[in-house]
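> Turn this into a structure:
(4 chains)
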There are 4 protein chains.
Amino acid sequence: MVSIDLNCDMGERFGAFSIGQDEALMEYVTSVNIACGFHAGDPSVMRKTVRAAAKKGLAIGAHPGYPDLQGFGRRDIIFSSEEIYDMVLYQVGALRAFVEAAGSALYHVKPHGALYNLAAKESSLASAIAQAVYDADKNLRFVGLSGSELTKAGVTVGLQTISEVFADRTYQRDGTLTPRAQHGALIENENEAAQQVLTMVLRKKVRTTSGSEIAILPESVCIHGDGKNALAYAKAIVKELKANHVSIARP
Amino acid sequence: MVSIDLNCDMGERFGAFSIGQDEALMEYVTSVNIACGFHAGDPSVMRKTVRAAAKKGLAIGAHPGYPDLQGFGRRDIIFSSEEIYDMVLYQVGALRAFVEAAGSALYHVKPHGALYNLAAKESSLASAIAQAVYDADKNLRFVGLSGSELTKAGVTVGLQTISEVFADRTYQRDGTLTPRAQHGALIENENEAAQQVLTMVLRKKVRTTSGSEIAILPESVCIHGDGKNALAYAKAIVKELKANHVSIARP
Amino acid sequence: MVSIDLNCDMGERFGAFSIGQDEALMEYVTSVNIACGFHAGDPSVMRKTVRAAAKKGLAIGAHPGYPDLQGFGRRDIIFSSEEIYDMVLYQVGALRAFVEAAGSALYHVKPHGALYNLAAKESSLASAIAQAVYDADKNLRFVGLSGSELTKAGVTVGLQTISEVFADRTYQRDGTLTPRAQHGALIENENEAAQQVLTMVLRKKVRTTSGSEIAILPESVCIHGDGKNALAYAKAIVKELKANHVSIARP
Amino acid sequence: MVSIDLNCDMGERFGAFSIGQDEALMEYVTSVNIACGFHAGDPSVMRKTVRAAAKKGLAIGAHPGYPDLQGFGRRDIIFSSEEIYDMVLYQVGALRAFVEAAGSALYHVKPHGALYNLAAKESSLASAIAQAVYDADKNLRFVGLSGSELTKAGVTVGLQTISEVFADRTYQRDGTLTPRAQHGALIENENEAAQQVLTMVLRKKVRTTSGSEIAILPESVCIHGDGKNALAYAKAIVKELKANHVSIARP
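A predicted model of the protein is given here:
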């Protein structure tokens, strides 16, 4: 029986500011990537999110991002490789402390937003991130875009990688995600998203915005948690997978 | 032979902004307390400071503070005990990642500034800090003001504590430090500071601002690193201790 | 005919983080207090909120707060009077630039959260705020809690003041608001809030938590914008006032 | 007699963190560009710097930068034109409040660091900055790199511009400054810097890193204030100019 991991970014509240519906989404996913206080999240949000995920037995990952709360970590910022290494190691260490204090163990690391997207194409950034993850703990799994510099860098540095595909984002011919600022970046219908997931999981292919199909390696499917219809997407995807006898399980 | 640890707060630069003269001071101290990015320090400063300290074999500690870069962590801010717990656990985890990546192990935690001073008097804050340190790693040493709520809370929670005394700060009758905003808070002459250290180490007493002597437990002496004469103080203290056959060694 | 101003705090979003329902509430109020980027708001949120308010002809005020985004400006922080003066002048200047660029004029200033509450009781803080407002522009109206040190300081420095009362907060015997952390601080029913407003506006009295009535001077009524039922409260208050022939108009 | 303005970036301290030697440099320059709290400076530093400059009768300008304290506003960050407009208007408004409270009037605006350098080449950014300055006050002078998109945008929007040249930076063939990260970006000898200034002022030319000479328009010369030899450079430049009968005066 085919099995797939569903992951979701969580803990993206900040102080009195709210984003997402973490509790409800935790019923549908098997892995969570928890913001570490740079692009979102604060120490108290981190503690609460980690405890909730640990209680449910989900795979818990750190979700480090750029130090850009106002831009939600989605603005391109030019950092040196050393700065990237430092900010990832810092954030992974901070989140790990909460995970261990909750009696659990950190399972994976997945970069966020512009950090993820720039490093998917730029091997020097990808290497800096992978090295920081390895130096934090060489047993951590490293999550990156399927076929990107991220997963390559993870392999090179000696980490086990998890190749990620996206439920509600469209793909370009070169395998990268259509940038959010462009028209057609998001799949705006939950049933289409569920179909894309099913095709990816069963056929290991995805149709790109230019019409062609490309091969991808789906080891985990990202479901976004910050849209207002996040829950509807999660339900549609889980329903479609189950109807097609795909089991949903953490890696 | 009597032996004493000399500690200094370090890594208090931020981006292009410089404070202190860490490299030079590392020649004189045996323990360092490294800022964790909240009141001072940033991930890159943390990495560099940790590596330098590890290379010299110094005892490396986390120096968590309030999230108040502009106030250098010295402003009183009213946080809940839960927020205190969360911010300490976060910062200890972040710094520990750099220490372990440098092939060393985190040895101790010492709170900074207003966090240190408020918790020295307020048992609920002290307990929150001590619990966070314990939850990060129960083998960490917990540094607090001699005779304060900090060391008491450390003992209660099950941590080994290090009782700290200050070279260049004056003491009040109740054993607390004279607040920085008050006249006479600082000992402005390095030889007087060296004399106070010698008296504390050899006689386990300190003269207070009201003239009386009180008992203290000197397990580590704090030398400040952010004054312009920090190096002169360090040299005078080390010279005086050596002249009186006190050995200087990490705990 | 009796007339009253209804004011609401607005522009409290930050980057991708959303709070409040400003557009809808602007239909019910006559004055807005716009966050200035310290406790909430960012330059882009400020521009959009100012433009929307200017278009509707509302009285536009600056709503300066403590530099504490995570605590939403509600944490007590100990600043010197000089620091208070500086942070208020800074924020008023920043917001005024957006108001003038929108072809309007800044009408008033109302401090936020802990800045408001601490200064309501502490004359040195109140004076620092009032002086900053005066130095920004001596024709600005200064909004403060009815009967507090804020309005006194405004008068002393030479500003025209607006005495504020609250729709959904309970009052203590000394005329201060019940702190948010205490039980019973908020009036949790919109009809009770509307009744409190009506009593204040028509009888210039309010019943305190100890049962007694105290005199207040209602020149503007604050309606909160950040609760999930903010709109229901606004509607109930406006309905009750109109039903009792109270006209709603900016000062 | 030829006359030239000397400008210097100032107010770049932050809280306890110190940069520059403003007081001493104010003896040598005729214009100051004061940081506005985003890349450096805080409200208290702004007040003190503004007052000192007003007392000396210097031309006072706002020096807005990217919201990047850690990177000192020198990191490239991708903002939309609207975000650029908003952050410039915000900062100009904030600084202007301090200048007016000091009984003076804001004279000019000069963007800082990456904001300056990116906009020097990119007309959409330059236009956004110029529009924000114009909307803040159409009588403000707009300072930009000689021959760049900045001064062009200023003219287009209807502002009076001041064409700036640099004392201690080298120029590339296209008239832009050699990026700081590149070798040879800085002129590391104060006498060479003084010679470059003299040549620029008297001959309106500068030798580029490729050997050729290009035309420039020197209406103000920037002297950096954050290097450790800033004072030596200022003295050498003033001495050289005076020895060659160039008068030093604000625009």
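> Give me the helices and strands touching the helix-or-strand element of chain A with minimal mean pLDDT, please.
The helix or strand of chain A with the lowest confidence, counting by mean pLDDT, DSSP states H and E, is helix A:22-25 at a mean of 92. Applying 3 or more C-beta pairs under 8 Å, 6 or more residues apart in numbering or on different chains; DSSP states H and E, we find helix A:22-25 packed against strand A:3-10, helix A:43-55, helix A:230-243. The C-beta positions use only the backbone N, C-alpha and C, and glycine is treated the same way.
> Report the contact partners of the nearest residue to A:Phe17 once chain neighbours are set aside.
Distance criterion C-beta to C-beta, 6 or more residues apart in numbering or on different chains; nearest residue to A:Phe17, sequence neighbours excluded, is C:Phe17 at 3.6 Å. C:Phe17 is in contact with A:Phe14, A:Phe17, A:Ser18, A:Ile19, counting by C-beta atoms under 8 Å, 6 or more residues apart in numbering or on different chains.
> My guess is A:Val109 contacts A:Pro64. True?
Yes. At 6.9 Å, A:Val109 and A:Pro64 qualify as touching, with contact defined as C-beta atoms under 8 Å.
> thinking again about what came up before, now the phi/psi pair for the residue nearest to A:Phe17, please.
Here is the backbone geometry of C:Phe17 (degrees, to the nearest 10): phi -90, psi 130.
> Quickly note the distance from it to C:Ile77.
21 Å (C-beta to C-beta, to the nearest Å).
> Tell me how far the closest residue to chain C within the stretch 151-251 of chain A lies from A:Phe166.
Chain C sits closest to A:Asp226 of the stretch 151-251 of chain A, with a gap of 7.7 Å, by C-beta to the nearest C-beta. To A:Phe166, A:Asp226 is 14 Å away according to C-beta to C-beta.
> Quick check on these two: which one has the bigger neighbour count.
Ranked by neighbour count (other C-beta atoms under 10 Å in any protein chain shown), A:Asp226 and A:Phe166 place A:Phe166 first, with 23 against 15.
> pretty sure that one is in contact with A:Ser220, am I right?
No. With contact defined as C-beta under 8 Å, A:Phe166 does not count as touching A:Ser220 (10.1 Å).
> can you tell me the distance between the two ends of stretch A:180-192?
Start and end residues of stretch A:180-192 are separated by 18 Å (C-alpha to C-alpha, to the nearest Å).
> buried sites along that stretch?
A:Ala185, A:Leu186, A:Ile187, A:Glu190 (16 or more other C-beta atoms under 10 Å in any protein chain shown).
> Mind telling me which residue of the stretch 101-250 of chain A is nearest chain D?
A:Ala114 (8.5 Å).
> tell me the secondary structure for that residue?
What DSSP: H, G, I helix; E, B strand; the rest coil gives for A:Ala114 is helix.
> show me what contacts it?
Residues near A:Ala114 by C-beta under 8 Å, 6+ apart: A:Gly65, A:Tyr66, A:Asp68, A:Gly73, A:Arg74, A:Arg75, A:Asp76, A:Ile77.
> re earlier: okay, the least confident helix or strand of chain A in CSV with CA atoms only?
Extracted C-alpha coordinates of helix A:22-25, given in CSV (Å, rounded to 0.1, in the frame of the first residue of the first chain):
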residue,chain,number,x,y,z
ASP,A,22,-3.2,24.9,14.0
GLU,A,23,-5.3,22.8,16.4
ALA,A,24,-7.8,21.9,13.7
LEU,A,25,-5.2,21.1,11.1
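> that older thread, inside helices: which ones of the buried residues of stretch A:180-192?
Judged by DSSP state H, the buried residues of stretch A:180-192 include A:Glu190 as members of helices.
> Can you name the residues bridging to A:Ile214?
For A:Ile214, the beta-bridge partners are A:Val206 (DSSP bridges).
> Go through the top helix by length along chain A and flag the buried ones.
Ranked by residue count and defined by DSSP H, the top helix of chain A is helix A:81-101. Buried positions in helix A:81-101, judged by neighbour count with 16+ other C-beta under 10 Å: A:83-101.
> Equivalent analysis for stretch A:101-109, please.
When burial is assessed from 16+ other C-beta under 10 Å, stretch A:101-109 yields the following buried residues: A:Ala101, A:Ala102, A:Ser104, A:Leu106, A:Tyr107, A:His108, A:Val109.
> got the end-to-end distance for it?
End-to-end for stretch A:101-109, by C-alpha to C-alpha: 18 Å.
> Ok, stretch A:205-216 next?
5 Å.
> ok, now stretch A:220-227?
End-to-end distance for stretch A:220-227, by C-alpha to C-alpha: 19 Å.
> still on that earlier bit, hmm, which of the contacts of C:Phe17 are the buried ones?
By 16+ other C-beta under 10 Å, those give A:Phe14, A:Phe17, A:Ile19 as buried.
> Get me the contact residues on chain A for chain D.
Of all the residues in chain A, those in contact range of chain D (C-beta under 8 Å from any C-beta of the partner chain) are A:Pro67, A:Asp68, A:Gln70, A:Arg75, A:Asp76, A:Ile77, A:Ile78, A:Phe79.
> how close does the closest residue to A:Met26 other than its chain neighbours get to A:Ala62?
Nearest residue to A:Met26 in three dimensions, chain neighbours excluded: A:Lys56, at 5.5 Å (C-beta to C-beta, 6+ apart). Distance, A:Lys56 to A:Ala62, by C-beta to C-beta: 18 Å.
> which one of the two has more residues nearby?
Neighbours were counted for A:Lys56 and for A:Ala62 using other C-beta under 10 Å; A:Ala62 has more, 28 against 14.
> Let me know the pLDDT of the nearest residue to that one once chain neighbours are set aside.
Using C-beta to C-beta, 6+ apart and skipping the chain neighbours, the partner closest in space to A:Ala62 is A:Leu95 (4.1 Å). With respect to pLDDT, A:Leu95 has a value of 98.
> now swap in A:Lys228 and tell me
For A:Lys228, pLDDT reads 77.
> Make sure I have this right: it is in a helix.
No. Looking at A:Lys228 with three-state DSSP, it is coil, so not inside a helix.
> Tell me the residues on the stretch 151-251 of chain A that lie near chain C, please.
A:Asp226.
> What ranges does the stretch 151-251 of chain A have for its strands?
Counting by DSSP state E, counting those that start in this stretch, the stretch 151-251 of chain A has these strands, from start to end: A:160-166, A:205-207, A:213-215, A:220-223, A:247-248.
> Would you mind finding the most buried of the helices and strands packed on helix A:22-25?
A comparison of the helices and strands packed on helix A:22-25 by mean neighbour count, using mean count of other C-beta atoms under 10 Å in any protein chain shown, puts strand A:3-10 on top with a mean of 24.
> other SSEs contacting it?
helix A:22-25, strand A:31-35, strand A:59-63, strand A:220-223, helix A:230-243, strand A:247-248.
> among those, where is the model least confident on average?
Among the helices and strands packed on strand A:3-10, helix A:22-25 scores lowest, with a mean of 92.
> what is in contact with A:Val109 and A:Pro64 at once?
By C-beta under 8 Å, 6+ apart, the residues touching both A:Val109 and A:Pro64 are A:Val88, A:Val92.
> for chain B, what are the nearby residues on the stretch 101-250 of chain A?
A:Ala101, A:Ala132, A:Asp135, A:Ala136.
> Could you look up the SS state of the third one?
Here A:Asp135 takes the helix state, with states given by three-state DSSP.
> remind me which residues of the stretch 1-150 of chain A are low pLDDT?
Along the stretch 1-150 of chain A, no part satisfies pLDDT under 70.
> again, only using 90
A:1, A:15-21, A:23 (pLDDT under 90).
> Pull up the residues of it that are close to chain C.
Counting by C-beta under 8 Å from any C-beta, the stretch 1-150 of chain A sits next to chain C at A:Phe14, A:Gly15, A:Ala16, A:Phe17, A:Ser18, A:Ile19, A:Asp42, A:Leu69, A:Gln70, A:Gly71, A:Phe72.
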